[in-house]
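**Student:** Got a sequence here, can you model it:
(2 chains)
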Amino acid sequence: MRLITWNVNSIRQRLPRLLGVLGRHEPDIVCLQETKVADDAFPLAEVEALGYGAATFGQRSYNGVAILARHPIAEVARGFPGDPVPEEARVIAATVAGVRVIDVYVVNGKEVANPAYEVKLGWLDALTRWVSGVEDPNLVVTGDFNVTPTDLDVHDPAAWAGRNLASDPERERVRRLLDDGLTDLGRTAAGTAPGPFTFWDYRAGAFHRGWGLRIDLVLARPAVAARLRSVTVDRDERKPTAGEGKPSDHAPVIVDLDD
DNA sequence: ATGTCACTTTACAAGTGA
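**Tutor:** Next up is the predicted model:
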């Protein structure tokens, strides 16, 4: 089984690349973030033409998540109980091929000194409370966490020390998710090697300069983690020249599991 | 750290969010 998570930063802008990713990688499940469209504007017919169904939880302009799959999508849930910002479309869950998938777009937080950072911490607390009560042993929690779990996930730890996306309080929140029985599949696959990075800021030529972060995560309970075969990042999708149209600032993360 | 991108609007430039 192949699962992809990708923050597309507008599905309208990224549709040609998304269709290319579906055709090239043939994933079973795709978790998207920052679709930035209401559900009635989601390009459903285009993904259906490639054999995929979709469950969407969108909103205009900001946020928005979706789960695509070439298998039946069951028990769809939008949002989660206890969400501190329920007006923002950040979480969708569904069961596909025996796996309970929770697709998240975590609050960015802007900067540590910004009130949005406190919202981020509270949101992660609420997410963890909810996830810990989800009974399914075949659970995957994946998406754009907007947190680098450790310094291995930062291109320049000294430059990022204490800053949003790399600060201790937010890392502690991710640590609690892991302590609650989830394995970080990207880190498991990479061992002690840095990265693999999944996000490069559009500004300052960050991709070209290698200024990457690993903030797009796939967390799984033991029954799923035991099936881990590989985790790769499709860096070509971050290149302006590869593919059709402009790139997202995130690259797709591809996880292969034993069937 | 900030060489950009995508969104929206008392829109055709500027603010916001990332």
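
**Student:** What ranges does the stretch 1-150 of chain A have for its helices?
**Tutor:** A:11-25, A:44-48, A:115-132 (DSSP state H, counting those that start in this stretch).

**Student:** same for the longest one, what does it pack against?
**Tutor:** Using 3 or more Cβ pairs under 8 Å, 6 or more residues apart in numbering; DSSP states H and E as the contact criterion, the elements in contact with helix A:115-132 are helix A:168-179. No exception for glycine: its C-beta is placed from N, CA and C like everyone else's.

**Student:** for DNA strand B, what are the nearby residues on the stretch 151-259 of chain A?
**Tutor:** Along the stretch 151-259 of chain A, the residues adjacent to DNA strand B under the rule Cβ under 7 Å from any atom of the strand are A:159-160, A:163, A:201-206, A:208-209, A:211, A:240, A:246.

**Student:** of these, closest to A:Thr128?
**Tutor:** Proximity of those to A:Thr128 (Cβ to Cβ) peaks at A:Arg163, which lies at 22.2 Å.

**Student:** Show the contacting residues for the most centrally placed residue in chain A.
**Tutor:** The centroid of chain A falls nearest to A:Gly143 when counting by Cα atoms, centre = their mean (1.6 Å). Residues near A:Gly143 by Cβ atoms under 8 Å, 6 or more residues apart in numbering: A:Thr5, A:Asn7, A:Cys31, A:Gln33, A:Val65, A:Ile102, A:Asp103, A:Val104, A:Tyr105, A:Val106, A:Asp216, A:Leu217.

**Student:** Adding pLDDT and neighbour count, write the residues you listed out as TSV.
**Tutor:** Converted to TSV, the contacts of A:Gly143 look like this (pLDDT from 0 to 100; neighbours: other Cβ atoms under 10 Å):
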residue	pLDDT	neighbour count
A:Thr5	99	27
A:Asn7	98	25
A:Cys31	99	31
A:Gln33	98	31
A:Val65	98	28
A:Ile102	99	24
A:Asp103	99	25
A:Val104	99	26
A:Tyr105	98	25
A:Val106	98	22
A:Asp216	98	25
A:Leu217	98	28
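
**Student:** Would you point out the most distant pair within these?
**Tutor:** The widest separation within the contacts of A:Gly143 (Cβ to Cβ) is 15.4 Å, between A:Asn7 and A:Ile102.

**Student:** neighbours of A:Asp40, just the number please.
**Tutor:** 8 (other Cβ atoms under 10 Å).

**Student:** what pLDDT does it get?
**Tutor:** With respect to pLDDT, A:Asp40 has a value of 96.

**Student:** buried ones in stretch A:71-85?
**Tutor:** A:Ile73, A:Ala77, A:Arg78, A:Gly79, A:Phe80, A:Asp83, A:Pro84 (16 or more other Cβ atoms under 10 Å).

**Student:** Other residues contacting it?
**Tutor:** A:28-29, A:53-55, A:57, A:67, A:86, A:89-97, A:100, A:107, A:119, A:122-123, A:126-127, A:129-130.

**Student:** I'd like the distance between A:Glu48 and A:Leu152.
**Tutor:** 39 Å (Cβ to Cβ, to the nearest Å).

**Student:** quick one: which two of the buried residues of stretch A:71-85 are the most distant?
**Tutor:** Most distant of these, by Cβ to Cβ, are A:Ile73 and A:Pro84, 27.0 Å apart.

**Student:** now the strands for the stretch 101-250 of chain A?
**Tutor:** Under the criterion DSSP state E, counting those that start in this stretch, the stretch 101-250 of chain A contains strands at A:139-144, A:183-184, A:199-200, A:212-213, A:216-220, A:228-233.
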